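S.K.: coords below, sequence missing:
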């Protein structure tokens, strides 16, 4: 079979770009067999090589693997407006400029695909857009940053500090030289903005996503929580709430029966809940050059096979910020009578109910590790502010959310 | 927006058919918004109602939810030949008559979709056919029968017998009045034939799938294995081996780090492995009227959105039958000197290597529970045959496979 050639313009030749170029040449025949078209790299653009206009002219699909938003945004817009399909792995681009790019794609009647932008090779975007197109999704949540999941796994299994676990992640290539966006939650926030947009059909701006990272997590938080059977993850959660939408990223303890609790190392895992499906869980490697390149090639094949994803803008949903959560609270206090009573009193007056307490002596001081029942976050934070002013406190209180739900 | 109506002919109005009819009316507007077409049930065929020819004439998509192969095969063939797209949840139909049906769909230029036929709402078919279209899949395996997974979970958590756990599954609606196809592995075998066909692009007949069920599993096998940290699942495994293909269904112990080990109750979970993706795991409810109907509606939406799955027949692969496995072996023997030595000798002569042994007295008898290192199954079965003839044996030996691989 001599399949017609499909010419691809490749922007960016870093780790993912190089892996994609290799994969295209390895899998060209298989793609030809399944889609009827044989992909071929028609031109490569990088700092030292290539000309964008020439690549645009000679390609029918543009694959953007430069990263960042400048000049990627300009290139992608120009490609779409010139009637080229675009595949990108660029989460910042989609999270920040999605509306503009989707409009350009719709106007030009071309496709814009970005499976690799979220959860690497885990096909969460396709599943939400296609398998669940007829389903009213109520919640999408999961572990969408492999760097922080590796760091938290490392802290839990070896007891090292955040700084040491980060260094180890960098040595193994799981964290970049500048890990800020990963460890402060910004990377996960961009991915959750994308997932929320697709799952709920509502425009979600990056600024709508509240996020916290893991830089403040202490090894003893993890150690104490282990005694309670909990494991710590950086979770992204997007859900319908009170007729609106809530999108957040925060570190969180999970009970052992939770499907995300066993996800360790640089893996991603996403759960989708809807009344008609109960829940679907998907997991796999979160990054890696070959894995990301494979997701990009999957998108290219879909374009060649003539499948069209739907980016219908439905009605906007209001962003809801007040939440109901359960909290873990770690306190270092002077070890003297009446301390627990004072704390319990503050919690009680704010209607925060305690689920479990572990107390332990520490010289003249004591440590109190408490887990609360679920309740409005505003009440808990009010109590926390009052607790922070108590004179017997020996260190800043530390609070981390806990997922209480029990699963099958 | 007044979307054009898409007329659907519905064959079968049992649990899934009724749930599908309800879902179509609930989600018609959402489907219209995402696909541009509003689905509508144009006619229903059941024993007491409807006329197939009339339904065919007035529908553009036929949804087959009758089950079984007769008359479903005839209806589906006629629908495809008449140029109607077909969506079915019927695994037996696809596993037994897939080639004929795919050919008919290709000849007529219409789509045949069957996401709901395997793993319920877990979108394993779409992921293999579309996300991984460019990937050389090496292995697809998992838990594809929710009834048996519920029974095994129940036996493990309560210690009851297979018969009691089955009765409980029937009470809860997880097992049918005649559970034969589920508990003997035939249902899982049909699903694995479908997955193998799609993952490897090779024609796989139902007769190519070797299968065992769970009717012979004893509560004390599960109890002993628990001491070794193992949990029991009915696994389907399809993999490339020695340039060919192996497709099997068998009960199997998993070590606790395995991603499938925590899958409990009537859930399904499928893992796909390929060099370019490492592995993807997907899980969710395996059945249920609404869940299955939701997967069927997802297929309908894909057809309305103009996506075309690919069923390119690639080259056939030889079915390989000899396997390399690790085994659990349960022996009841007379409690006298030299017994373990004799058994070890038989194993040694067949080059089967022992990984762990637990021995326990039982009056005049003893129980030996052994786990072997991985090796050719033919050697293990040769040893097993010889062991079965030893005069100090008090009961038939019981052997169950064990997955040794450690995961992240």
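M.R.: Looks like it came in fine. All of these numbers come straight from a predicted model, not from anything done at the bench. Numbering: from 1, shown residues only, chains lettered A, B, ... in the order given.
S.K.: give me the below-cutoff pLDDT ranges for the stretch 1-150 of chain A.
M.R.: Across the stretch 1-150 of chain A, the ranges flagged by pLDDT under 70 are A:1-2.
S.K.: try 80 this time
M.R.: A:1-2, A:34, A:133 (pLDDT under 80).
S.K.: around chain B, pick out the residues from it.
M.R.: A:23, A:27, A:30-31, A:33-35, A:115, A:121-123, A:126-127, A:130-136 (CB under 8 Å from any CB of the partner chain). Every residue, glycine included, has its C-beta placed from N, CA and C.
S.K.: run the last query once more with 7 Å
M.R.: Residues of the stretch 1-150 of chain A lying near chain B by CB under 7 Å from any CB of the partner chain: A:23, A:27, A:30-31, A:33-35, A:121-123, A:126-127, A:130-136.
S.K.: how far out from the middle of the chain is stretch A:179-198?
M.R.: Its chain's C-alpha centre and that of stretch A:179-198 lie 5 Å apart, by CA atoms, centre = their mean, to the nearest Å.
S.K.: would it count as contacting chain B?
M.R.: No. Taking CB under 7 Å from any CB as the criterion, stretch A:179-198 and chain B are apart, separated by no less than 11.0 Å.
S.K.: in that stretch, what counts as buried?
M.R.: Neighbour-count burial for stretch A:179-198 flags A:179, A:181-198 (criterion: 16 or more other CB atoms under 10 Å in any protein chain shown).
S.K.: narrow these to those in helices?
M.R.: Counting by DSSP state H, the buried residues of stretch A:179-198 place A:181-183, A:186-198 in helices.
S.K.: list just the nearest of those to chain B.
M.R.: Each of these was scored against chain B by CB to the nearest CB, and residue A:198 proved nearest at 11.0 Å.
S.K.: quick one, what contacts the residue nearest to the closest one when sequence neighbours are not counted?
M.R.: What sits nearest to residue A:198 in space, not counting adjacent residues and going by CB to CB, 6 or more residues apart in numbering or on different chains, is residue A:128, at 4.9 Å. Applying CB atoms under 7 Å, 6 or more residues apart in numbering or on different chains to residue A:128 gives the contacts A:137, A:195, A:198-199, A:272.
S.K.: kindly report the same for residue A:396.
M.R.: Residue A:396 neighbours (CB under 7 Å, 6+ apart): residue A:388.
S.K.: change it to 10 Å
M.R.: Residue A:396 sits next to A:216, A:330-332, A:388 when contact means CB atoms under 10 Å, 6 or more residues apart in numbering or on different chains.
S.K.: can you check residue A:176 too?
M.R.: Contacts of residue A:176 (CB under 10 Å, 6+ apart): A:147, A:169-170, A:182.
S.K.: if you set the cut-off to 7 Å instead, what comes out?
M.R.: Taking CB under 7 Å, 6+ apart as the definition, residue A:176 has no contacts.
S.K.: am I right that it is in a helix?
M.R.: No. The assignment for residue A:176, made by DSSP: H, G, I helix; E, B strand; the rest coil, is coil rather than a helix.
S.K.: do you know how far it is from chain B?
M.R.: 20 Å (CB to the nearest CB, to the nearest Å).
S.K.: the helix or strand residue A:26 falls within - contacts with which helices or strands?
M.R.: Assigned by DSSP states H and E, residue A:26 belongs to helix A:15-35. Packing partners of helix A:15-35 (3 or more CB pairs under 7 Å, 6 or more residues apart in numbering or on different chains; DSSP states H and E): strand A:4-11, strand A:37-45, helix A:289-304.
S.K.: one step back: can you select the buried ones among the contacts of residue A:396 for me in ChimeraX?
M.R.: A single ChimeraX command is used to select the members of the contacts of residue A:396 judged buried by 16+ other CB under 10 Å:
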select /A:330,331,332
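S.K.: tabulate the contacts of residue A:396 (JSON lines), appending pLDDT.
M.R.: JSON lines is the format used below for those (pLDDT from 0 to 100):
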{"residue": "A:216", "pLDDT": "89"}
{"residue": "A:330", "pLDDT": "89"}
{"residue": "A:331", "pLDDT": "92"}
{"residue": "A:332", "pLDDT": "91"}
{"residue": "A:388", "pLDDT": "94"}
